[in-house]
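Engineer: need a structure here:
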Amino acid sequence: MNFVRVGMGRRFAALMLDWLACLAIANSLTSSGTIERQIAPLAIFFLEVWILTSLSGASAGQRILRMKVVRFGDGGRVAPNQVLVRTILLCLVVTAVTFDENGRGLHERISGSVLTRI
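Structural biologist: This is a model prediction of the structure:
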């Protein structure tokens, strides 16, 4: 199946929108100088990406930039367990910046998903 590829710039922009929103939420919920303030942004990011992608097929940043996560095989809706695997691997960063010949990150290959433009 052919998908409209999403370039690195668009992926990075969506990631930054998601991260900045999670950072703002974490900073409003935690005290300065605490360990929670260091861990909270990643935890909130994980939950935001997992929940929103499971429910609507895209994180907030991806939705704003008109992208969607779909199954690689048939372009259908991704299952919550696929999104969970994808999100865990995304948070590890290395798997998200390692791409194959199709322009898919390792986190997408392992989860059987692909990010496409809508």
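Engineer: Output the below-cut-off pLDDT ranges for this protein.
Structural biologist: Of all residues in the chain, none has pLDDT under 70.
Engineer: All the strands of it, in order from the start?
Structural biologist: Per DSSP state E, the chain carries strands over the ranges 67-71, 113-117.
Engineer: which residues touch residue 31?
Structural biologist: residue 37 (Cβ atoms under 8 Å, 6 or more residues apart in numbering). Where you see a C-beta, it was placed from the backbone N, CA and C, and this is true even at glycine.
Engineer: typo on my end, residue 21
Structural biologist: Applying Cβ under 8 Å, 6+ apart, we find residue 21 in contact with 48, 60, 61.
Engineer: So which residue is smack in the middle of the chain?
Structural biologist: Nearest to the geometric centre of the chain sits residue 49, at 5.3 Å (Cα atoms, centre = their mean).
Engineer: Could I get the contacting residues of that residue?
Structural biologist: 18, 59, 87, 90.
Engineer: about what we covered before: most neighbours out of the contacts of residue 21, which is it?
Structural biologist: For the contacts of residue 21, counting by other Cβ atoms under 10 Å, the largest number of neighbours falls to residue 61: 24 neighbours.
Engineer: Near residue 9, how many other residues are there?
Structural biologist: Residue 9: 9 surrounding residues under other Cβ under 10 Å.
Engineer: Next: residue 113.
Structural biologist: 24.
Engineer: Could you do residue 101 as well?
Structural biologist: By other Cβ under 10 Å, 5 other residues sit near residue 101.
Engineer: Pull the contacting residues for it.
Structural biologist: So residue 101 contacts nothing (Cβ under 8 Å, 6+ apart).
Engineer: Compute the number of surrounding residues for residue 52.
Structural biologist: By other Cβ under 10 Å, 19 other residues sit near residue 52.
Engineer: what's the answer for residue 94, then?
Structural biologist: For residue 94, the neighbour count with other Cβ under 10 Å is 10.
Engineer: And the closest residue to residue 50 other than its chain neighbours, how far from residue 111?
Structural biologist: Distances taken as Cβ to Cβ, 6 or more residues apart in numbering place residue 87 nearest to residue 50, at 4.4 Å, with adjacent residues excluded. Residue 87 sits 9 Å away from residue 111, going by Cβ to Cβ, to the nearest Å.
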